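Student: when you get a sec, could you give me coordinates for this:
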Amino acid sequence: MNTFIKKLLVLTALTLPLLPVQNTVKAQNGDYIDDSIYENLPFDMPKVEQPTFPNYTVSIVEFGAKGDGIMLNTKAINDAIKAVNAKGGGKVVIPEGLWLTGPIELLSNVNLYTEMNALILFTDDFEAYPIIKTSFEGLDTRRCQSPISAWNAENIAITGHGVFDGSGDSWRPVKKGKLTSGQWSSLVKSGGVVDESGSIWYPTAGALKGAMATKDFNNPEGIETDEEWNEIRPWLRPVLLNIVKSKKVLLEGVTFKNSPSWCLHPLSCEHITIHNVKVFNPWYSQNGDALDLESCKNALIINNIFDAGDDAICIKSGKDEDGRRRGEPCQNVIVKNNTVLHGHGGFVVGSEMSGGVKNVYVTDCTFLGTDVGLRFKSTRGRGGVVEGIYIHNINMIDIPHEALLFDLFYGGKGAGEETEDDLAGRMKATVPPVTEETPAFRDIHITNITCKGAGRAMFFNGLPEMPIRNVHVKDVVVTDAKEGIVISQAENVSIENVKIETKGKALQVKQAKDLKVNGKTYNNSAAKSLNIDL
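Tutor: Purely as a prediction, here's the structure:
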């Protein structure tokens, strides 16, 4: 593993105090999930079912594991899980120690419990992770097996107090622009290869070859034979945790860090709870999302701390034709009492939302220096409908770009990474007809938002053929903003009791129909912008 990158990873955030948890329904780790979170929801959803386990416990030590950081414990850990599953369920304990391991596969009715000071380190040997058929970034593809995974399981949990480290430094490319000149020089001297532009470092030549075969985000094209796939194995960076088509899933109390790609990726799951969890990725980590909840139904995301290299809390449902064919919306989700320390977006929907997103309630969250606060993104070709989103009581500081962003011309880069010309070029394209490939964002309610420090207060950038519709923003204060609100291609947007402190124009309207500002209706379809005082 690259020693330079290792030195950049300091888990200081482990000392942060846990968020307060109220006592009503007892969860597996001795903490509590307050039943009142279901009260006064703006939509109907069932209570999320929690897993339960028989009173049967084994330790991985009983199966030959050694916590010395030297022995590879892959077989011992998985044998313990298999034994408990065969017994009918129970708890597999990982005691205090440094446990080196390869991929761990969870099975039904098993609670993987980590004791205090248990550190699970996943090996940086690429060959330990088989190449499998899976879904990544919303597309059907091949990737390396995740360090933690489950398929078609029911009644599963990862709980306790331990830390899971994905050895992501061994896998990830690093952009020159995200390091100082000294850091970049040390990284290049440590090994690996640099692309022709001299701007991106890759850990191996195989990783660079995989990147060169990739045109669409991170899914390579033209790789046919097993030999070719094996050659680019280091490019097939897995998500740290991938739980697929499983029911009654609980992640609680533990820390996940340093993932090769995304960190937590529940896909097509029902009744999933992520509670009192901490996720830490380096801010420079490419595709280092903290949580991507994809095509899941009935979910709780509460009392967590996220520090991400990409989007933090992200709701997805597949990409383009693959996502529409799956046809599984992400729905019935409560996001409450979470803190985001860094990320491209604090709370995000998209850009892979082709199966739709509906019935999401986000409340009582804090964003500290995320690139964007509330981020909605998509582009032509996705299709899918995002609707029934309710966001309330969010506090933010030091947001370098938008506090609230709707971008239907998303180009795949993080906020600030592309030029105005890039965006303008996409917006000048010929307006296509509305088809199943046209994404739609509508019926979104945002209230009680406070932000101190922002690049731009809000940006609504809808499609000419499918404007952003029925968005209601109320009781918002944004201070120390470099720019105010810009609205383009929107219909039936209401802004009520919104205060923007900026040296620029408070509200600039480029294309809007039935825009309501403090009870007064405006329409603007002319090329000239309309400026409104707030």
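Student: tell me the spacing between the closest residue to L240 other than its chain neighbours and P432.
Tutor: Using Cβ to Cβ, 6 or more residues apart in numbering and skipping residues adjacent in sequence, the residue nearest L240 is S259, 3.6 Å away. The way it works is simple: take the backbone N, C-alpha and C, and place the C-beta from them, glycine included. Using Cβ to Cβ, to the nearest Å, S259 is found at 37 Å from P432.
Student: which one's more surrounded, the two?
Tutor: Neighbour comparison, S259 and P432: the larger count goes to S259, with 34 against 14 (by other Cβ atoms under 10 Å).
Student: dump the residue contacts of that one.
Tutor: Applying Cβ atoms under 8 Å, 6 or more residues apart in numbering to S259 gives the contacts G166, G168, V239, L240, L241, N281, S285, G288.
Student: just give me the closest of the residues you listed to N332.
Tutor: Within the contacts of S259, proximity to N332 (Cβ to Cβ) peaks at L241, which comes in at 21.2 Å.
Student: run through the strands of the stretch 251-400 of the chain in chain order.
Tutor: For the stretch 251-400 of the chain, the strands defined by DSSP state E, counting those that start in this stretch occupy 255-257, 264-267, 270-275, 278-280, 291-294, 297-302, 305-307, 313-316, 330-336, 339-342, 345-349, 357-368, 372-377, 385-407.
Student: which residues of this structure score low on pLDDT?
Tutor: 1-32, 216-217, 412-428, 526-527 (pLDDT under 70).
Student: how many residues are close by K75?
Tutor: 13.
Student: secondary structure class for it?
Tutor: Classification of K75 by DSSP: H, G, I helix; E, B strand; the rest coil places it in helix.
Student: if I look at it, how far off is P103?
Tutor: Taken as Cβ to Cβ, the span from K75 to P103 is 11 Å.
Student: and V498, what is it in contact with?
Tutor: V498 is in contact with V473, K474, D475, V476, V477, I485, L534, counting by Cβ under 8 Å, 6+ apart.
Student: identify the farthest-apart pair in those.
Tutor: Going by Cβ to Cβ, the pair spanning those furthest: D475 and I485, at 14.7 Å.
Student: among those two, which residue is more densely surrounded?
Tutor: More crowded of D475 and I485, by other Cβ under 10 Å: I485, with 29 against 15.
Student: ranges for the helices of the chain?
Tutor: 3-8, 74-87, 181-189, 205-212, 226-231, 320-326, 420-427 (DSSP state H).
Student: got the buried residues for the fifth one?
Tutor: Spelled out, it's helix 226-231. Using 16 or more other Cβ atoms under 10 Å as the burial criterion, the residues of helix 226-231 that qualify are W229, E231.
Student: and what of the fourth one?
Tutor: For helix 205-212, the neighbour count (16+ other Cβ under 10 Å) marks G206, A207, L208, K209, G210, A211 as buried.
Student: how many neighbours does the nearest residue to the fourth one once chain neighbours are set aside have?
Tutor: What sits nearest to K209 in space, not counting adjacent residues and going by Cβ to Cβ, 6+ apart, is I232, at 5.3 Å. For I232, the number of neighbouring residues by other Cβ under 10 Å comes to 23.
Student: next: N395.
Tutor: Other residues lying near N395 total 16 when counted by other Cβ under 10 Å.
Student: and if you look at V434?
Tutor: Close neighbours of V434, defined as other Cβ under 10 Å, add up to 11.
Student: ok, and the closest non-adjacent residue to it?
Tutor: E465 (5.2 Å).
Student: L251 now?
Tutor: I274 is the one closest to L251 (Cβ to Cβ, 6+ apart), at 4.8 Å.
Student: follow-up on the earlier one: which entries within the contacts of V498 meet the buried criterion?
Tutor: V473, V476, I485, L534.
Student: the first one and E496 touch, don't they?
Tutor: Yes. Here V473 lies in contact with E496, judged by Cβ atoms under 8 Å, at a distance of 7.3 Å.
Student: show me what the residue nearest to E496 when sequence neighbours are not counted bridges to in the sheet.
Tutor: Distances taken as Cβ to Cβ, 6+ apart place K474 nearest to E496, at 4.5 Å, with adjacent residues excluded. Applying DSSP bridges to K474 yields these beta-bridge partners: T447, E496.
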